[in-house]
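Enquirer: Make a model of this:
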Amino acid sequence: MTKNLQFKTLLLLTFFIGAANSYSQEKWDAQIQKNLPEILKKHKSLVSIPNLTANRQDMYKNIDWVTQEFQKVDFNVSLLESSTYPVVMIESSFNKKLKTVLFYFHLDGQDVNPDKWNQKDPFLPVLKEKGNNGAWNEIDWNKIEGPIDPDWRVFGRSTADDKAPIIMMLSALEMMKSKGEKLNFNVKIILDLEEESSSHGFLSTLEKYKDRYQAEYMIIMDGPAHLSNKPTLTFGCRGIATCSISVYGAKLPQHSGHYGNYAPNPVFKISHLLSSMKNEKGEVTIEGYYNGIEMTPEINKTLTQVPDNQENIKNSLGINTPDKVGGNYQESLQYPSLNVRQIETSWKGATLKTIIPEIVTAHIDVRLVVETDGAVQLDKIKKHIENQGYLVLDREPTDKERLSNPNIVKFLGNPGVNAFRTETNSSIGSKLQEALKSEFNEGPVIIRTMGGTVPIIPAVNTLKIPAIIVPMVNMDNNQHNPNENIRIGNIAQGVKICLAILSMKM
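Expert: Numbering: from 1, shown residues only. Have a look, this model is predicted:
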């Protein structure tokens, strides 16, 4: 074969592959738009079932709803007994020759204060469009039978977190079944009924049902996509440890007139102690705090590809200068943090009093990365306090200790949960990136580590399954807050993301 003929053959093959991909995208796009009214009706139906864990009857209604719908797409549904609510396990017919992907969703929602919502009932979802004045105005549900504006939104508790992703996955499976398309891997789906209250039930089942959860890969479908609203892959999240530091003055609160200039004020002591932990740039000065963190050119390339606008971030936060831990927002998330979340003294009344407090406590959280361990980081903080000349106790000081030590701290720590992270070039990472690029004609936004902590990190670390978060709802969904919502365009895009993932070749 001549070089010219080889070139023409390659060109023709590229054309046909490109045409096939284009056809696949157009096919799914058209099908999603055709099915969108029914998808929205199912979403409305599921959201209309209250999902607060305090009401067991409602939670079992949610279980019944998802059981019936997933059985219609030929999935097996079983309830795995836990210490609290059962874990809903949804599985395709198992084929030992195929690899298995474990998907995680949650079915419960955050508590609501109806008085704060701009609708009659947070569990009666309403359809809204944005007016010229920026306000969201309710429109008739019958409008979904005509042209649907992707910027319309559905408001209600759990419209986004996390019932929208459940509907996206269910709709994708329904479309695949209607087209006679087969899965190329085994699918296991976990529905957690207590994610909003730390997933105690699910986490209690890890050892007992380890074999049932076994899979080659895990995909967590929760949380908002990047602010750009492009398909997003998040490869890890930070863990969290906490501690409290109490510094003492006199045994009892003292009158500031009688004892000002004589009885030490612990507020000033703790301010000096806390300021010794960070410099003016916001960098933690505790010895070894950032040990193990390495920013390679490859990592920096991943971080700088995230389409963040640093000026917009500063403007939205209302800050002039960010801390200098990392050169940008994404890089800052690659380091462990040290945050003072609250400072309190003994007096908590509504009015001020002229007293010298006898105690002041700083409550601290430490966001962890994979390179740091919660217990180790807390130990570094404790040693730093000792190096500042403090006697560090895990209890109240005795009178003898007060009289013999000028500086005393009560230190109470909780190592919490450690972080997880899957490499961006891992097998599942590469497959997901390829699948989304093929479906959307551009690569997804790659988040190496997100700032928050998800309660199922212990499951990821215990099961030892490479895990990736695929967030699909709009960033401004008011998650956990009044007027939670989902953008309809994100529902359509989420169905397409699920189709791309379910069509992957393993």
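
Enquirer: gap between Thr234 and Gln330?
Expert: Distance of Thr234 to Gln330, computed by C-beta to C-beta, to the nearest Å: 11 Å. Bear in mind the C-beta positions are built from the backbone N, C-alpha and C, glycine included.

Enquirer: Between these two, which contacts overlap?
Expert: Jointly contacting Thr234 and Gln330 under the rule C-beta atoms under 8 Å, 6 or more residues apart in numbering are Ile447.

Enquirer: Tell me where the model's unsure across this protein.
Expert: Residue ranges of the chain with pLDDT under 70: 1-26.

Enquirer: repeat that for 90
Expert: Applying pLDDT under 90 to the chain flags the ranges 1-27, 93-94, 346-350, 452-456, 506.

Enquirer: what does the domain assignment say about it?
Expert: 3-237+420-502, 239-293+335-417 (automatic domain parsing).

Enquirer: distance between the ends of the shortest one?
Expert: Between the opening and closing residues of domain 239-293+335-417 we find a distance of 5 Å, counting by C-alpha to C-alpha, to the nearest Å.

Enquirer: and if you look at stretch 365-383?
Expert: 17 Å.

Enquirer: And stretch 83-95, by the same measure?
Expert: OK, stretch 83-95 end separation, C-alpha to C-alpha: 30 Å.

Enquirer: With stretch 433-448 instead?
Expert: 13 Å.

Enquirer: Same question for stretch 186-197.
Expert: First-to-last residue span, stretch 186-197, C-alpha to C-alpha: 29 Å.

Enquirer: Could you do stretch 101-121 as well?
Expert: 37 Å.

Enquirer: buried sites along it?
Expert: Neighbour counts over stretch 101-121 (16 or more other C-beta atoms under 10 Å) mark 101-110, 112, 117, 119 as buried.

Enquirer: Among those, which one sits closest to Tyr262?
Expert: Nearest to Tyr262 among these: Gln110, at 49.2 Å, using C-beta to C-beta.

Enquirer: Break down the stretch 201-350 of the chain into its strands, ranges please.
Expert: Using DSSP state E, counting those that start in this stretch, the strands of the stretch 201-350 of the chain run over 217-220, 232-234, 236-237, 239-248, 254-255, 339-345.

Enquirer: Rebuild the ones you listed as TSV, extending it with distance to Leu124 and mean neighbour count.
Expert: Shown next, in TSV, are the strands of the stretch 201-350 of the chain (distance: least, C-beta to C-beta, whole Å; neighbours: other C-beta atoms under 10 Å):
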stretch	distance to Leu124	mean neighbour count
strand 217-220	29	24
strand 232-234	30	25
strand 236-237	33	26
strand 239-248	35	22
strand 254-255	56	16
strand 339-345	35	13
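
Enquirer: Dump those strands to CSV, plus distance to Ala492.
Expert: Converted to CSV, these look like this (distance: least, C-beta to C-beta, whole Å):
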stretch, distance to Ala492
strand 217-220, 20
strand 232-234, 16
strand 236-237, 26
strand 239-248, 34
strand 254-255, 65
strand 339-345, 38
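
Enquirer: out of those strands, which comes closest to Lys496?
Expert: Across the strands of the stretch 201-350 of the chain, closest to Lys496 is strand 232-234 (C-beta to C-beta), at 13.4 Å.

Enquirer: what sits up against the closest one?
Expert: Taking C-beta under 8 Å, 6+ apart as the rule, strand 232-234 contacts 223, 225-226, 429, 432-433, 436, 444-447, 449-450, 468-472.

Enquirer: So which of those residues belong to helices?
Expert: 429, 432-433, 436 (DSSP state H).

Enquirer: could those go into JSON lines alongside neighbour count and distance to Pro482?
Expert: Converted to JSON lines, the ones in helices among the contacts of strand 232-234 look like this (neighbours: other C-beta atoms under 10 Å; distance: C-beta to C-beta, whole Å):
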{"residue": "Gly429", "neighbour count": "18", "distance to Pro482": "36"}
{"residue": "Leu432", "neighbour count": "25", "distance to Pro482": "34"}
{"residue": "Gln433", "neighbour count": "18", "distance to Pro482": "36"}
{"residue": "Leu436", "neighbour count": "24", "distance to Pro482": "33"}
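
Enquirer: quick check, nearest of those residues to Lys27?
Expert: Closest to Lys27, out of all of the ones in helices among the contacts of strand 232-234 and judged by C-beta to C-beta, is Leu436, at 16.7 Å.

Enquirer: The closest one contacts Val445, doesn't it?
Expert: No. Leu436 is beyond contact range of Val445, at 9.8 Å (criterion: C-beta atoms under 8 Å).

Enquirer: joint contacts of these two?
Expert: Shared contacts of Leu436 and Val445 (C-beta under 8 Å, 6+ apart): 231, 233.

Enquirer: show me what contacts Ile343?
Expert: 270, 360-363.

Enquirer: Quick one, which of those are buried?
Expert: Judged by 16+ other C-beta under 10 Å, buried ones among the contacts of Ile343: 270, 360-363.

Enquirer: ranges for the helices of the stretch 201-350 of the chain?
Expert: 210-213, 256-259, 266-275, 297-304, 310-317, 329-332 (DSSP state H, counting those that start in this stretch).

Enquirer: Now tell me what touches the third one from outside.
Expert: Under the contact criterion C-beta under 8 Å, 6+ apart, helix 266-275 has outside partners 245, 247-249, 340, 343, 345, 357-360, 362, 385, 388, 390, 407, 409.

Enquirer: Could you tell me the angle between it and strand 339-345?
Expert: Counting by axes from the mean of the first three to the mean of the last three C-alpha atoms, to 10 degrees, helix 266-275 lies at 170 degrees to strand 339-345.

Enquirer: Next: the fifth one.
Expert: Taking the same axes, to 10 degrees, one finds that helix 310-317 is oriented at 20 degrees with respect to strand 339-345.

Enquirer: rewinding a little: kindly reformat the ones in helices among the contacts of strand 232-234 as JSON lines containing distance to Lys143.
Expert: Output for these, formatted as JSON lines (distance: C-beta to C-beta, whole Å):
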{"residue": "Gly429", "distance to Lys143": "40"}
{"residue": "Leu432", "distance to Lys143": "35"}
{"residue": "Gln433", "distance to Lys143": "37"}
{"residue": "Leu436", "distance to Lys143": "31"}
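
Enquirer: now, which of those residues sits nearest Asn312?
Expert: Using C-beta to C-beta, Leu436 is the member of the ones in helices among the contacts of strand 232-234 that sits closest to Asn312, with 24.5 Å.

Enquirer: Of the helices of the stretch 201-350 of the chain, which is nearest Lys188?
Expert: Nearest of those to Lys188, taken as C-beta to C-beta: helix 210-213 at 7.3 Å.

Enquirer: Of all the residues in that closest one, which ones are buried?
Expert: Result for helix 210-213 [16+ other C-beta under 10 Å]: buried residues 212-213.

Enquirer: let's number from 22 now, not from 1
Expert: With 22 as the first residue, the last one maps to helix 231-234.

Enquirer: what sits up against that helix?
Expert: Here helix 231-234 has contacts from 101, 110, 123, 209, 211, 227, 480, 484, 486, using C-beta under 8 Å, 6+ apart.

Enquirer: need the contact list for the last one.
Expert: Neighbouring residues of Ile486 by C-beta under 8 Å, 6+ apart: 123, 234-239.

Enquirer: please redo it, this time with the cut-off set to 10 Å
Expert: 121-123, 234-240, 443, 449, 480 (C-beta atoms under 10 Å, 6 or more residues apart in numbering).

Enquirer: Same question for the first one.
Expert: Going by C-beta under 10 Å, 6+ apart, Leu101 touches 107-110, 211, 222-223, 226, 229-230, 233-234.

Enquirer: neighbours around the closest residue to it other than its chain neighbours, how many?
Expert: If the residues on either side of it in the chain are set aside, Leu101 comes closest to Val108, at 4.3 Å by C-beta to C-beta, 6 or more residues apart in numbering. By other C-beta atoms under 10 Å, the residues close to Val108 number 24.
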